[in-house]
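Novice: Mind folding the following:
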Amino acid sequence: MLKVKATLLLAGVLIAMSQAPDNLNAQGKGGGKGHGVGNAQGQGKSKGPEKIHGNAQGKAKGPAKAAVHETDRGPGKSAAKTSTAQRGASSNSSRGKFARPVSFNSMPARVRNFASSRHPRDMIVAAAVSHAFARGHGDDVRMEQVGDRLRLTNRNGDPLLFIDDRSAENLGRWRVGVLDDEVREGAPSFCRSGAGHPVWGREWCIDKGFGLGAYQDYRWGRTRDVGDIIYSRGTLGDRIMGSALENLLGTTAFNRLALHAVTLGLLDPLVGSFIGQPTGPQYLVVNSGTYPVAEFYDTNRDNRWDDLLIALRPW
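Specialist: Numbers count the residues shown, from 1 in each chain. Take a look at the predicted model:
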């Protein structure tokens, strides 16, 4: 129950062209530490599917896609003993659900122009927008260069992302375990539906062992390697948008979520809301319109996020 089937490397990484013109390779510096505002700084290098910590900075190369890699270790759990055949079956099953390569030749011409740019900001946004096209929402996205930054808006002109080269180079990624969508017999209806506890959120269902069902066609991933993000506690029920949400999460975390939402085909601006009680865990819900993107949890109320749930959508 609730074992981690696979590990998802989110598409929010720096995308660069490879030597072959019809492929995109992912290269990223794994910054993630954000103290309220600004980009993370750190040290270290990582290649391929190696874990990139939230407070580390390094280079990672691999296919420009939301790549799935199997892992035996669940968040906060000991390693499970799994045979090679079982691990292979799990990896293949999960990869078929979540992985989607970014093909340069399949991109519309206006996106291809950005993908072939020398600017990291252009290449990474083009990769995310290509996923929106694959989900049938590409025509609802607009890209425009404004000074030294690239602005991404929806069809209505609502801003989704405003990113420069330095932020793109330091974007990094979270590595999250994909949670089972099986639920235990007798689980509350809000756990079976995947909606989560109305006060304590989806993590309550996970921690209580009830399981968490798929929410519409969304699955969930989890990481406890969020990065050292210090936030200012808000009033319960606040609607936090735009620069206020970016200041709360830090530029790096905000940009990761904004790009991830686009890859899911969610093209409404991100909105954060604090939900919780005067005592117990504090958590922040981040939505795009009526659809979930992420949930941040501060379990000991020290103004640092301890856990992160990320919305995933199979292909």
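
Novice: Skipping its backbone neighbours, what lies nearest Gly157 in space?
Specialist: Nearest residue to Gly157 in three dimensions, chain neighbours excluded: Arg142, at 7.6 Å (Cβ to Cβ, 6 or more residues apart in numbering). C-beta: built from backbone N, CA, C; applies to glycine.

Novice: next one: Arg149
Specialist: That would be Asp164: by Cβ to Cβ, 6+ apart, it lies 4.5 Å from Arg149.

Novice: Could you double-check that the one you found sits in contact with Ile124?
Specialist: No: using Cβ atoms under 8 Å as the test, Asp164 is too far from Ile124 to be in contact (11.3 Å).

Novice: Quick one: the helices in the protein, in order.
Specialist: For the chain, the helices defined by DSSP state H cover 84-98, 109-115, 120-134, 165-169, 189-192, 202-207, 242-249, 251-263.

Novice: circling back to that earlier point, higher neighbour count, Asp164 and Ile124?
Specialist: Taking neighbours as other Cβ atoms under 10 Å, Asp164 and Ile124 compare with Ile124 leading, 33 against 17.

Novice: just to revisit the earlier point, weakest of the helices of the chain by average pLDDT?
Specialist: Here these differ in mean pLDDT, and the lowest is helix 84-98 at a mean of 42.

Novice: what's the neighbour count on Tyr215?
Specialist: For Tyr215, using other Cβ under 10 Å, the count is 17.

Novice: per-residue confidence for it?
Specialist: So, for Tyr215, pLDDT stands at 85.

Novice: swap in the one 5 residues further on?
Specialist: In the prediction, the pLDDT value recorded for Trp220 is 90.

Novice: Then the one 4 residues further on?
Specialist: In this model, Arg224 is scored at 91, pLDDT.

Novice: how close does it sit to Asn287?
Specialist: Per Cβ to Cβ, to the nearest Å, Arg224 is found 22 Å from Asn287.

Novice: of these two, who's got more company?
Specialist: Comparing Arg224 with Asn287 by other Cβ under 10 Å, the one with more neighbours is Asn287, at 20 against 15.

Novice: Which residue comes closest to that one once chain neighbours are left out?
Specialist: Spatially, and ignoring its direct neighbours in sequence, Asn287 is nearest to Val271 (5.4 Å; Cβ to Cβ, 6+ apart).
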